[in-house]
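Trainee: sequence and predicted model, in that order:
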Amino acid sequence: AAENVKATVHADQAGAKINKEIYGQFSEHLGSCIYGGLWVGENSQIPNINGYRKDVFEALKALQIPVLRWPGGCFADDYHWMDGIGPKSERPSLRNNNWGGTIEDNSFGTHEFLNLCEMLGCEPYISGNVGSGTVKEMAQWVEYMTSDGDTPMARLRRANGREKAWKVKYFGIGNEAWGCGGNMSPEYYSDEFRKFNTYLRDQGGNRLYRIASGASDYDYNWTKVCMDKIGARMQGISLHYYTCTGWNGPKGSAINFDNDQYYWALGKCLEIEEVIKKHKAIMDEKDPQNNIGLLVDEWGTWWDEEPGTIPGHLYQQNALRDAFVAALSLNVFHKYTDRVKMANIAQVVNVLQSMILTDQEGTGHMVLTPTYHVFQMYTPFQEATYLPVDLQSETVQCSTEYWKEKQKTSDNTTRPCPLLSASAAKTKDGSIVLAITNVSLDKDQTVDFNFAGFNAKQVSGRILTSKNVADYNDFNHPNVVAPKEYKDAKIKKGVLTMKVPAKSIVVVTLK
Ligand code: AHR
């Protein structure tokens, strides 16, 4: 019989606290993320709480979302917030220029978003409009949301029914300024940031955490210029990284793919570690104290839209493969949590790698995706203390023909993909949470975990797996990929032995 894989969890080498904001979400006015996803309106046949879709709200509440980004994305630099306040019948409609030209009625605006965040118990993260907006418009938005004084915008807010200011911490000054946010150079954008930022006044006790629009993937120069020219004026800078085969042509189906495409996706997803390291090295030079956060405020898989859905709405299915991308990415964010202070998967409902899909015909069906289950299984990691894990795993070579072709969208030449990946942390009550994935299509693995500085006595957990990595949940079969109790672990003399089947994600708690 093959020897067990040996691993060590270093409870004696506690690292940084894992920022809960790494479990952040993103909600854009795009397709049916807002309208039909989060929001159906008070008069809908679909059960709702003051217009918020009830089943979606409850599923998100269970996910303990720490932070929710809104209104975009590309939409943010086309959005004029004043059109989304006041009596709904008087709000002008808008054409969503970025996403299919859909007409929206502006019934979901600042009040609806900030009230939702309060109900979910999460921090709002607002993206302001630099591309087509004005300094005055942005400054007034901040005043409207956060001023408790006798100021013109606070008076307007009160007239619209909200007495107390909201607490708004995270504020993005533009989005993808190198592209849909204005097609700027990093030098020009840095000056724009400085100008807009000057007039975003902290109101009363509210302190804005100011986020610069950062790089896409491998654009290290963007980060360098912003660090040089904006520096400590920003508290965070974003990074966008999608597991995507490229921006031109087909991206591949979310549910019909072969083994090459499967391993390619995992290799591309894992490449985020190299990308983070390189941006981090640039930031470390200017900011050795880690004061400025690297915020991966858009990440996840980007596949072709499902056949028959509205073009430009980015509605895609979500398979067990997506669950691996979620788990592997979260493991990387844990590791770099001292610099990666937030991450927002794109997007929360019905768009790209979503947590939830609602049906597009309005019959009121909802389904939780495999990615939702990973986020749910991983909740104990929020605010736990990072622990390094040594694990020498067998690898699978991702430099297949498919990978070689798709390398053009990457800055690496080959990518050996470890079959096993693990992440561990110590929770507030002294337990250890341990996540382990086996991405192999056919090889079960048995792992012996030793613990340095911890005496493991009890183990319990859940497993997410399915017959095929292309399996997914739909409205008629909502539980094809769903977590189950995990029973394949035992502890003997402090050593935890786990059987980790092929194609599985396991999260256990050790006491
Ligand atoms: O998440 C979809 C889009 O991807 C966002 O609007 C944009 O910022 C990015 O290009």
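Mentor: Okay, I see it.
Trainee: report the beta-bridge partner residues of the closest residue to the ligand within the stretch 251-400 of the chain.
Mentor: At 4.1 Å from the ligand, residue 346 is the closest residue in the stretch 251-400 of the chain, using Cβ to the nearest ligand atom. Quick note: C-beta positions are derived from backbone N, CA and C, even for glycine. Under DSSP bridges, the beta-bridge partners of residue 346 are residue 26.
Trainee: tell me how far it lies from residue 44.
Mentor: Computed as Cβ to Cβ, to the nearest Å, the residue 346 to residue 44 distance reads 25 Å.
Trainee: quick one: the residue of the stretch 251-400 of the chain closest to the ligand and residue 329 touch, right?
Mentor: No. Using Cβ atoms under 8 Å, residue 346 makes no contact with residue 329, being 11.6 Å away.
Trainee: so what sits against both of those two?
Mentor: Counting by Cβ atoms under 8 Å, 6 or more residues apart in numbering, the residues touching both residue 346 and residue 329 are 299-300.
Trainee: separation between the closest residue to the ligand within the chain and residue 23?
Mentor: Per Cβ to the nearest ligand atom, the residue of the chain with the smallest distance to the ligand is residue 73, at 2.6 Å. The gap separating residue 73 from residue 23 is 19 Å, by Cβ to Cβ.
Trainee: not counting its neighbours along the chain, what's nearest the residue nearest to the spatial centre of the chain?
Mentor: Geometric centre of the chain, nearest residue: residue 345, 1.8 Å, by Cα atoms, centre = their mean. Once flanking residues are discounted, residue 345 sits nearest to residue 300: 4.8 Å by Cβ to Cβ, 6 or more residues apart in numbering.
Trainee: SS state for the one you found?
Mentor: Under DSSP: H, G, I helix; E, B strand; the rest coil, residue 300 falls in the strand class.
Trainee: go on, residue 451?
Mentor: Three-state assignment for residue 451 (three-state DSSP): strand.
Trainee: quick check: it vs residue 306, distance?
Mentor: Per Cβ to Cβ, residue 451 is found 45 Å from residue 306.
Trainee: neighbour count winner among those two?
Mentor: Taking neighbours as other Cβ atoms under 10 Å, residue 451 and residue 306 compare with residue 451 leading, 22 against 17.
Trainee: now the more buried one. Nearest residue, chain neighbours left out?
Mentor: Residue 451's closest residue in space is residue 9 (Cβ to Cβ, 6+ apart), at 5.1 Å.
Trainee: and that neighbour, helix, strand or coil?
Mentor: Here residue 9 is recorded as strand under three-state DSSP.
Trainee: test my guess that it contacts residue 434.
Mentor: Yes. Shown here, residue 9 and residue 434 form a contact pair, counting by Cβ under 8 Å, at 6.6 Å.
Trainee: which secondary structure state does residue 232 sit in?
Mentor: At residue 232, secondary structure determined by three-state DSSP is helix.
Trainee: for the protein, which segments are assigned as helices?
Mentor: 54-62, 110-120, 135-146, 152-159, 186-198, 220-229, 259-270, 272-286, 320-335, 370-377, 401-406 (DSSP state H).
Trainee: excluding chain neighbours, what is closest to residue 86?
Mentor: Once flanking residues are discounted, residue 86 sits nearest to residue 160: 5.7 Å by Cβ to Cβ, 6+ apart.
Trainee: list the contacts of the closest residue to residue 351 other than its chain neighbours.
Mentor: Spatially, and ignoring its direct neighbours in sequence, residue 351 is nearest to residue 33 (4.5 Å; Cβ to Cβ, 6+ apart). By Cβ under 8 Å, 6+ apart, the residues touching residue 33 are 27, 347-351, 354.
Trainee: let's see 7 Å
Mentor: 27, 347-351 (Cβ atoms under 7 Å, 6 or more residues apart in numbering).
Trainee: repeat that for residue 346.
Mentor: Taking Cβ under 7 Å, 6+ apart, we find residue 346 in contact with 26, 298-300, 352-353.
Trainee: any weak-confidence spans in the stretch 351-500 of the chain?
Mentor: 360-362, 398-415 (pLDDT under 70).
Trainee: for it, which residues are neighbours of the ligand?
Mentor: residue 352 (Cβ under 6 Å from any ligand atom).
Trainee: now do the strands in the stretch 351-500 of the chain.
Mentor: In the stretch 351-500 of the chain, the strands defined using DSSP state E, counting those that start in this stretch lie at 356-358, 366-368, 385-387, 389-391, 395-397, 416-418, 420-426, 432-438, 445-452, 459-465, 484-485, 489-492, 495-500.
Trainee: quick check: beta-bridge partners of residue 498?
Mentor: Partner residues in beta bridges with residue 498, using DSSP bridges, are residue 447, residue 489.
Trainee: residue numbering should commence at 286 henceforth.
Mentor: Sure thing, new numbering starts at 286, so read that last one as residue 783.
Trainee: got the contact list for the closest residue to residue 665 other than its chain neighbours?
Mentor: Among residues not flanking residue 665 along the chain, residue 718 sits closest, at 4.2 Å (Cβ to Cβ, 6+ apart). By Cβ under 7 Å, 6+ apart, the residues touching residue 718 are 665-666, 669, 709-710, 712, 792, 794.
Trainee: tally of neighbours for residue 753?
Mentor: Neighbour tally, residue 753, other Cβ under 10 Å: 15.
Trainee: show me what contacts it?
Mentor: Counting by Cβ under 7 Å, 6+ apart, there are no residues that residue 753 touches.
Trainee: how many other residues sit next to residue 509?
Mentor: Neighbours of residue 509 under the rule other Cβ under 10 Å: 17.
Trainee: first-to-last residue distance for stretch 748-755?
Mentor: Using Cα to Cα, to the nearest Å, one end of stretch 748-755 lies 17 Å from the other.
Trainee: in the stretch 286-435 of the chain, where is pLDDT below threshold?
Mentor: For the stretch 286-435 of the chain, the stretches with pLDDT under 70 are 286.
Trainee: hmm, back to that, which among the strands of the stretch 636-785 of the chain is found nearest to residue 392?
Mentor: Taking Cβ to Cβ, strand 641-643 is the member of the strands of the stretch 636-785 of the chain nearest to residue 392, at 17.0 Å.
Trainee: run through who's touching the closest one.
Mentor: With contact meaning Cβ under 7 Å, 6+ apart, strand 641-643 is reached by 317, 321-322, 341, 344, 634-635, 650-654, 657.
Trainee: quick check, nearest of the contacts of residue 718 to residue 464?
Mentor: Using Cβ to Cβ, residue 666 comes nearest to residue 464 of these, at 32.0 Å.
Trainee: residue 712 is in contact with the closest one, correct?
Mentor: No. With contact defined as Cβ atoms under 7 Å, residue 666 does not count as touching residue 712 (8.3 Å).
Trainee: when the two are compared, which one has more neighbours?
Mentor: residue 666 (25 against 17).
Trainee: list the contacts of the more buried one.
Mentor: With Cβ under 7 Å, 6+ apart, residue 666 has these contacts: 303, 619, 710, 718.
Trainee: again, 10 Å this time
Mentor: Applying Cβ atoms under 10 Å, 6 or more residues apart in numbering to residue 666 gives the contacts 303, 305, 307-308, 615-616, 618-619, 622, 708-710, 712, 718, 720, 792.
Trainee: for residue 741, grab phi and psi.
Mentor: Per-residue torsions, residue 741: phi -80, psi 130 (degrees, to the nearest 10).
Trainee: tell me the contacts of the residue lying closest to it once chain neighbours are set aside?
Mentor: Nearest non-adjacent residue to residue 741, counting by Cβ to Cβ, 6+ apart: residue 795, 4.7 Å away. Applying Cβ under 10 Å, 6+ apart, we find residue 795 in contact with 294, 296, 709, 711-712, 716-719, 734, 736, 739-746, 774, 776, 781.
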